[in-house]
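J.: Just a sequence and a predicted model for now, questions to come.
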Amino acid sequence: MIRLDSRQPIPEALRGAIIALGNFDGFHLGHQAVVGEALRWARAEGRPAIVATFDPHPVEFFAPGSPPFRLSTLEQREEWFAQAGADAMLVFAFDAAMAASSAHDWVYDVLGRQLGAAGVVTGEDFTFGKGRSGSVATLREMGAEIGLGAEAVGAVMEGGEIVSSSRIRRALTSGDIALATRLLTRPFAMRAAVQHGDKLGREIGFPTANMALGDYLRPAYGIYAVTGRLADGRVLKGAANIGIRPHFDPPKELLEPHFFDFSGDLYGQEIEIGFHAFLRAEAKFDSLDALIAQIGRDCDDARKVLEGV
């Protein structure tokens with residue numbers, strides 16, 4: 001799949017595409033419905049299918065310094081869009097110029113002139129343009145004047161509530177991994193390179209792969225049953241601590257997976273950690289021996305959770 005930059009000309013072969021337009025952070029059930037409709041429309045008319053996303057997220061532009069909230073990286077989204085069947089991912093660079101663009105400019109200049117889109121699919125609550133002045137109705141009205149079709153996909157429901165990125169964030173921060181997994185259709189996953197740490201895990205018999213949390217949302221601090229997907233495709237099972245390690249000084253926010261029955265050098269490798277179950281909250285213990293005993297129990301619990309994975 002091709003990755004396109006909104007600041008560069010679009011290849012001629014991709015003009016006339018059907019574009020799924022949204023943030024698609026996490027690519028949950030609702031996002032999948034929007035992209036699925038764009039793919040259906042594109043295939044029915046023999047057109048390319050493009051999934052468009054924004055980087056940075058508009059929230060990061062308008063509220064710099066906000067707490068991390070992302071559910072995915074661009075690289076993860078690119079993989080998911082490719083798996084869904086899209087021909088390209090288009091990344092809109094959300095900057096001051098884009099923030100100032102009117103709804104008129106978006107339809108006529110961006111979707112029409114720049115991209116040459118034949119159709120666009122969004123969620124029914126999608127807004128665009130300066131001050132969120134554009135809506136699905138705007139897309140349909142203005143698009144009709146330039147031969148641009150517009151479709152909106154209704155909200156997807158699960159458990160009597162709308163599937164949304166906000167709902168997934170609430171589930172993760174409360175430790176409800178099962179709900180987050182259902183809404184995402186896959187375990188929430190963080191991807192980062194393994195960095196050198198203070199080797200404390202190795203000293204107590206549970207070596208860990210230390211990973212920075214980056215721009216990801218912070219799930220509830222605690223211990224999780226996890227899997228780790230390596231760059232070579234291998235999947236390892238383990239238990240991970242995410243948090244500030246209150247037993248050690250100074251506190252340091254990290255994701256620290258310990259992989260069962262594994263020995264090898266992971267430094268510098270990018271690993272994707274999938275969160276399968278929340279086991280317990282982070283805690284400080286009276287002694288190092290008490291901590292080691294608890295880690296052993298955590299690993300036993302994680303092995304049970306991951307038996308069928």
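T.: It's in. Numbering: from 1, shown residues only.
J.: buried set for the strand or helix carrying residue 183?
T.: In this structure, residue 183 is located in helix 177-184 according to DSSP states H and E. For helix 177-184, a neighbour-count test (16 or more other C-beta atoms under 10 Å) marks 177, 179-184 as buried. Quick note: C-beta positions are derived from backbone N, CA and C, even for glycine.
J.: ok, of these, which one's closest to residue 151?
T.: Comparing these against residue 151 with C-beta to C-beta places residue 183 closest, at 22.9 Å.
J.: any idea how far residue 162 is from that closest one?
T.: 10 Å (C-beta to C-beta, to the nearest Å).
J.: How about residue 298?
T.: Residue 298 is 34 Å from residue 162, by C-beta to C-beta.
J.: more crowded one of those two?
T.: More neighbours surround residue 298 than the other of residue 298 and residue 162, with 21 against 14 (other C-beta atoms under 10 Å).
J.: The more buried one should be in a helix, yeah?
T.: Yes: per DSSP: H, G, I helix; E, B strand; the rest coil, residue 298 lies within a helix segment.
J.: Go ahead and flag the most central residue of the protein.
T.: residue 72 (2.0 Å; C-alpha atoms, centre = their mean).
J.: Who are the contact partners of that one?
T.: With contact set as C-beta atoms under 8 Å, 6 or more residues apart in numbering, residue 72 has these partners: 25-27, 80.
J.: State the helix or strand in which it lies.
T.: Here residue 72 is assigned to no helix or strand, by DSSP H and E.
J.: What of the one 3 residues further on?
T.: Under DSSP H and E, the secondary-structure element containing residue 75 is helix 74-84.
J.: contacts for that helix?
T.: Helix 74-84 has contacts (C-beta under 8 Å, 6+ apart) with 1, 3, 24-25, 27, 32, 35-36, 39, 51, 53, 55, 72, 89, 91, 189, 191, 272.
J.: can we see that at 7 Å?
T.: 1, 3, 24, 27, 35, 39, 51, 53, 55, 89, 91, 191 (C-beta atoms under 7 Å, 6 or more residues apart in numbering).
J.: follow-up on the earlier one: and the next helix or strand past the helix holding residue 183?
T.: With elements assigned by DSSP H and E, the helix or strand that comes after helix 177-184 is strand 189-195.
J.: neighbouring contacts of that following strand?
T.: Residues contacting strand 189-195 (C-beta under 7 Å, 6+ apart): 73, 75-76, 209-214, 216, 255, 266-274.
J.: and with 6 Å instead?
T.: With contacts defined as C-beta atoms under 6 Å, 6 or more residues apart in numbering, strand 189-195 is touched by 209-212, 214, 216, 266-267, 269-270, 272-274.
J.: Tell me which residues of that strand come out buried.
T.: In strand 189-195, counting by 16+ other C-beta under 10 Å, buried: 189-194.
J.: Stretch 283-291 now?
T.: For stretch 283-291, by 16+ other C-beta under 10 Å, it's residue 291.
J.: OK, contacts around residue 146?
T.: Shown in contact with residue 146 (C-beta under 6 Å, 6+ apart): residue 112.
J.: What distance do you get for it to residue 277?
T.: Using C-beta to C-beta, we find residue 146 at a distance of 50 Å from residue 277.
J.: got the CA positions of the longest strand belonging to the chain in CSV?
T.: Counting by DSSP state E, the longest strand found in the chain is strand 270-281. What follows is strand 270-281, C-alpha atoms only, in CSV (Å, rounded to 0.1, in the frame of the first residue of the first chain):
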residue,chain,number,x,y,z
GLU,A,270,10.9,-2.5,17.7
ILE,A,271,8.3,-4.6,19.5
GLU,A,272,4.5,-4.4,19.5
ILE,A,273,3.0,-5.2,22.9
GLY,A,274,-0.6,-6.4,22.9
PHE,A,275,-2.5,-6.0,26.2
HIS,A,276,-4.7,-9.1,26.8
ALA,A,277,-5.8,-8.8,30.5
PHE,A,278,-5.4,-6.5,33.4
LEU,A,279,-4.0,-8.6,36.4
ARG,A,280,-3.6,-6.1,39.2
ALA,A,281,-2.8,-2.5,40.0
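J.: average pLDDT across the helix or strand where residue 89 lies?
T.: For residue 89, the element it lies in under DSSP H and E is strand 88-93. For strand 88-93, mean pLDDT rounds to 96.
J.: Could you break this structure into its assigned domains?
T.: 2-158, 188-308 (automatic domain parsing).
J.: helices and strands of this structure: which one has the lowest mean pLDDT?
T.: Using mean pLDDT, DSSP states H and E, helix 200-203 stands out as the lowest-scoring helix or strand of the chain, at a mean of 64.
J.: Next secondary structure after that one?
T.: Following helix 200-203 in sequence, per DSSP H and E, is strand 210-211.
J.: Distance check, residue 10 against residue 101.
T.: Taking C-beta to C-beta, one finds residue 10 at 17 Å from residue 101.
J.: Residue 230 too?
T.: Relative to residue 101, and taking C-beta to C-beta, residue 230 is found at 42 Å.
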